[in-house]
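>>> Need coordinates for the below:
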Amino acid sequence: MTESPTPSANDIVKEVEVSGLRLAYGGKEVLHGISFDVYRNEILAVIGPAQSGKTSMLRCLNRTIDFTASASVSGSVKVGGEDVRKMSDVFALRRRIGMVAPLPTGLPLSIYDNVAFAPRCSGVTRKADLEPVVEKCLRQAALWDEVKDRLDSLGTALSGGQQQRLTIARALSHRPEILCLDEFSIAIDPVTTMRIEDVLKELREEITIILVTNLTQQARRLSDRTMFLLEGEIVEIDATDVIYSGDAKSEKTRDYVNGVFG
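Have a look, this model is predicted:
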């Protein structure tokens, strides 16, 4: 396993610190003691073939892995210096770490209510307070101009690409520190994918992004660093330019990004 390179700037902050993370479903271990850091305001891409443990790793960060009864987790995951396994308020943790799934997961509510749902749950109820939040999140998700005149329409009636952007807007509505995206473009067209990629580049200025993707060129376009996860182990993590320039340290990494296997 290749250790994460040490950043050169003194002011870089570790937003996420993972150390010796192991995950097993029943008797089958799928993450084998992985360790890595994620720096504030970077986009870290996580690439690797199917069944490499990428989604499982994300679920350990915000403890949605807790919903799987057969899962057994050991090691340490820290967010903002706090061990997530020791946090008593798991809902607060999930507000800090937004999650976007591969397929759109719109609530059976209006477009407005989809975005206003999380703020309302946290106690924001006045329309005057909710409206700017809804507009900001829809703008950040590059959806506002398309839906601003029909906010009362059902969110699930939007196109697939629009629903995925609505999912991003909803994930942003609780002002997360970290946004995790798991194969966000798997079910949307290339034009919408590029629009969302532009959104992510802008969001990097405000939040930290972890991008799980099977599309190696998407990782190359978007990320500051890339981690190659294979069969539950980190093969390599380095600056994206290094991973894709032919200078990757591992032959497995070079073969994967060049399409030899995957």
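
>>> Quick check: Phe228 is in a strand.
Yes: under DSSP: H, G, I helix; E, B strand; the rest coil, Phe228 sits within a strand.

>>> I'd guessed Arg204 sits against Asn41; true?
Yes: shown here, Arg204 and Asn41 form a contact pair, counting by CB atoms under 8 Å, at 5.9 Å. C-beta: built from backbone N, CA, C; applies to glycine.

>>> shared neighbours of these two, which are they?
Residues touching both Arg204 and Asn41 (CB atoms under 8 Å, 6 or more residues apart in numbering): none.

>>> Nearest residue to Tyr25 in space, please, no chain neighbours.
Nearest non-adjacent residue to Tyr25, counting by CB to CB, 6 or more residues apart in numbering: Ser70, 5.0 Å away.

>>> So the one you found versus Glu233, what's the distance?
With the distance defined as CB to CB, to the nearest Å, Ser70 ends up 21 Å from Glu233.

>>> Of the two, which one has the most company?
Under the criterion of other CB atoms under 10 Å, the comparison of Ser70 against Glu233 puts Glu233 first, with 15 against 9.

>>> send the alpha carbons of the host helix or strand of Arg195 over as CSV?
Assigned by DSSP states H and E, Arg195 belongs to helix 190-203. The C-alpha trace of helix 190-203 is given here as CSV (Å, rounded to 0.1, in the frame of the first residue of the first chain):
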residue,chain,number,x,y,z
PRO,A,190,-23.2,13.0,-20.8
VAL,A,191,-24.5,16.6,-21.1
THR,A,192,-26.0,16.6,-17.6
THR,A,193,-22.9,14.8,-16.3
MET,A,194,-20.7,17.7,-17.5
ARG,A,195,-23.1,20.2,-15.9
ILE,A,196,-22.8,18.5,-12.6
GLU,A,197,-19.0,18.3,-13.0
ASP,A,198,-18.9,22.1,-13.4
VAL,A,199,-21.0,22.4,-10.3
LEU,A,200,-18.5,20.2,-8.3
LYS,A,201,-15.6,22.3,-9.4
GLU,A,202,-17.3,25.4,-8.0
LEU,A,203,-18.4,23.7,-4.8
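
>>> Quick one: distance of it to the chain centre.
Distance, stretch centre to chain centre, for helix 190-203: 14 Å (CA atoms, centre = their mean, to the nearest Å).

>>> With stretch 38-56 instead?
8 Å.

>>> so how far does that stretch reach from one end to the other?
Taking CA to CA, to the nearest Å, stretch 38-56 runs 17 Å from one end to the other.

>>> List the buried residues for that stretch?
38-39, 42-48, 52-56 (16 or more other CB atoms under 10 Å).

>>> Also stretch 223-234?
223, 225-230, 232, 234.

>>> Look up the pLDDT of the spatially closest residue to Leu93 that is not a sequence neighbour for me, please.
Nearest residue to Leu93, sequence neighbours excluded (CB to CB, 6+ apart): Met87, at 5.2 Å. In the prediction, the pLDDT value recorded for Met87 is 93.

>>> Neighbours of Leu181, how many?
As a burial measure, Leu181 scores 27 neighbours (other CB under 10 Å).
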